[in-house]
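Peer 1: attaching a predicted model along with its sequence, questions to come.
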Amino acid sequence: MPSLNEIIPDLEISSDERIRVFRRTFHAIKEFEGMEVDAYIVITDHYVIVLDTLLCPEDVSFMMQSVKNQLRGRSLLCINSHADWDHAWGNCYFTGENLAPIIAHDHCLTRLQSTEAHKELLDFQQLSSTFKNVFLLPPTITFNQHFTIHGRNLTIELLHAPGHHLDLEQLIALQPLHVLCSHGKTNSPDQLKQNLSYICEIERRCKSVLQKRKPGVTDLVHVSELINYSFNEVVGNTTETIDRIFYTQAHENNCQAIMKWLMNTY
Ligand SMILES: [Zn+2]
């Protein structure tokens with residue numbers, strides 16, 4: 001420290017002092033140049049809860065420093081939102097003297113135990129020393145549908161949300177005052193509505209193609225082209241800086257996932 005790969009507590013995004021936001025910037029791998037990802041620590045009467053563990057145990061250690069005075073009289077818990085490398089690779093902080101339960105959906109456990117995940121870690125370790133101390137530590141408490149943590153002055157409800165538009169509709173129905181998105185840089189609930197209309201638009205265009213014909217294997221490589229919904233059209237005339245390489249691929253993945261899902265249900 002200071003280094004280009006840094007974590008900054010973001011004091012503006014949460015006005016609730018029980019909820020601390022930490023923003024990790026990552027520059028060590030070209031493909032993810034400039035990536036930002038958020039993790040949170042929630043402090044309730046009963047618990048200090050770490051929501052996501054970022055990229056490596058050093059990241060968690062940094063976050064924990066800032067709450068060390070709150071640990072006395074509270075149990076430490078960790079939650080994984082999902083198993084991606086930028087959200088769960090700091091899990092191994094919670095071993096030995098820092099032992100704490102790690103709570104996540106069953107699917108997160110399966111993914112962190114998979115051969116693919118171990119291979120991905122080896123690949124990342126070749127590319128950057130950020131990952132030198134990482135070993136995959138799967139969750140120790142898992143749930144299938146929902147899980148509730150009663151923190152006395154704050155209740156955390158974990159819901160399984162694989163990312164379909166129904167999940168977004170349910171979230172919007174809760175009429176949240178604020179949302180925290182791991183890669184969102186905003187806490188406005190409008191973000192949810194924009195995401196929902198984006199997903200619905202992909203779905204609408206996929207259905208319109210499916211009504212005419214069943215796509216072949218080669219069509220499914222470029223679904224965004226097949227449904228005529230380019231990344232440029234999605235972002236429109238935005239003046240925000242966007243990681244175009246990363247999000248063009250993310251858009252393609254979204255289109256493919258929705259098309260494949262519709263093909264199975266049609
Ligand atoms: Zn992520």
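Peer 2: Cool, the structure landed. Since this is a predicted model, take the numbers as computed values, not measurements.

Peer 1: show me what contacts the residue of the chain found nearest the ion?
Peer 2: Shortest the chain-to-the ion distance, computed as CB to the ion: residue-wise this is residue 86, at 4.3 Å. For every residue, glycine as well, the C-beta is placed using N, CA and C. If a contact means CB atoms under 8 Å, 6 or more residues apart in numbering, then residue 86 has 24, 26, 35, 37, 54-55, 182 as its contacts.

Peer 1: that one and residue 143, how far apart?
Peer 2: 22 Å (CB to CB, to the nearest Å).

Peer 1: next one: residue 21
Peer 2: Counting by CB to CB, the separation of residue 21 from residue 143 is 24 Å.

Peer 1: and the closest residue to residue 152 other than its chain neighbours, what are its phi and psi?
Peer 2: Distances taken as CB to CB, 6 or more residues apart in numbering place residue 45 nearest to residue 152, at 3.8 Å, with adjacent residues excluded. Residue 45 adopts backbone torsions of phi -60, psi -40, taken as degrees, to the nearest 10.

Peer 1: these two touch, right, residue 45 and residue 153?
Peer 2: Yes. At 4.7 Å, residue 45 and residue 153 qualify as touching, with contact defined as CB atoms under 8 Å.

Peer 1: and the two? Which one has more around it.
Peer 2: residue 45 (12 against 9; other CB atoms under 10 Å).

Peer 1: per-residue pLDDT, the spatially closest residue to residue 244 that is not a sequence neighbour?
Peer 2: What sits nearest to residue 244 in space, not counting adjacent residues and going by CB to CB, 6+ apart, is residue 231, at 7.3 Å. Reading off the per-residue confidence, residue 231 sits at a pLDDT of 95.

Peer 1: same question for residue 14.
Peer 2: Each residue has a pLDDT score; the one for residue 14 is 75.

Peer 1: and this protein, which residues reach the ion?
Peer 2: With CB under 5 Å from the ion as the criterion, the chain comes near the ion at residues 84, 86.

Peer 1: name the SS class of the residue most central in space within the chain, please.
Peer 2: Relative to the mean C-alpha position of the chain, the nearest C-alpha, by CA atoms, centre = their mean, is the one of residue 182, at 5.2 Å. Taking DSSP: H, G, I helix; E, B strand; the rest coil as the rule, one finds residue 182 in the coil state.

Peer 1: now residue 40
Peer 2: Counting by three-state DSSP, the three-state call for residue 40 is strand.

Peer 1: that one and residue 180 touch, don't they?
Peer 2: Yes. Between residue 40 and residue 180 there is a contact under CB under 8 Å: 6.3 Å.

Peer 1: joint contacts of those two?
Peer 2: 14, 19, 21.

Peer 1: could you report the neighbour count for residue 111?
Peer 2: 19.

Peer 1: so it versus residue 138, what's the distance?
Peer 2: For residue 111, the distance to residue 138 under the criterion CB to CB works out to 9 Å.

Peer 1: so, low pLDDT: which residues of the stretch 101-250 of the chain?
Peer 2: Counting by pLDDT under 70, the stretch 101-250 of the chain shows low-confidence ranges at 163-164.

Peer 1: would you mind writing the CA trace of stretch 116-128 as PDB?
Peer 2: Taking Å, rounded to 0.1, in the frame of the first residue of the first chain, the C-alpha atoms of stretch 116-128 are listed here in PDB:
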ATOM      1  CA  GLU A 116     -13.600 -25.800 -12.900                       C
ATOM      2  CA  ALA A 117     -13.200 -23.500  -9.900                       C
ATOM      3  CA  HIS A 118      -9.900 -25.100  -8.900                       C
ATOM      4  CA  LYS A 119      -8.700 -24.800 -12.500                       C
ATOM      5  CA  GLU A 120      -9.800 -21.200 -12.700                       C
ATOM      6  CA  LEU A 121      -7.800 -20.400  -9.500                       C
ATOM      7  CA  LEU A 122      -4.700 -22.000 -10.900                       C
ATOM      8  CA  ASP A 123      -5.100 -19.900 -14.000                       C
ATOM      9  CA  PHE A 124      -5.500 -16.700 -12.100                       C
ATOM     10  CA  GLN A 125      -2.500 -17.500  -9.900                       C
ATOM     11  CA  GLN A 126      -0.400 -17.700 -13.000                       C
ATOM     12  CA  LEU A 127      -1.500 -14.300 -14.000                       C
ATOM     13  CA  SER A 128      -1.300 -12.300 -10.800                       C
END
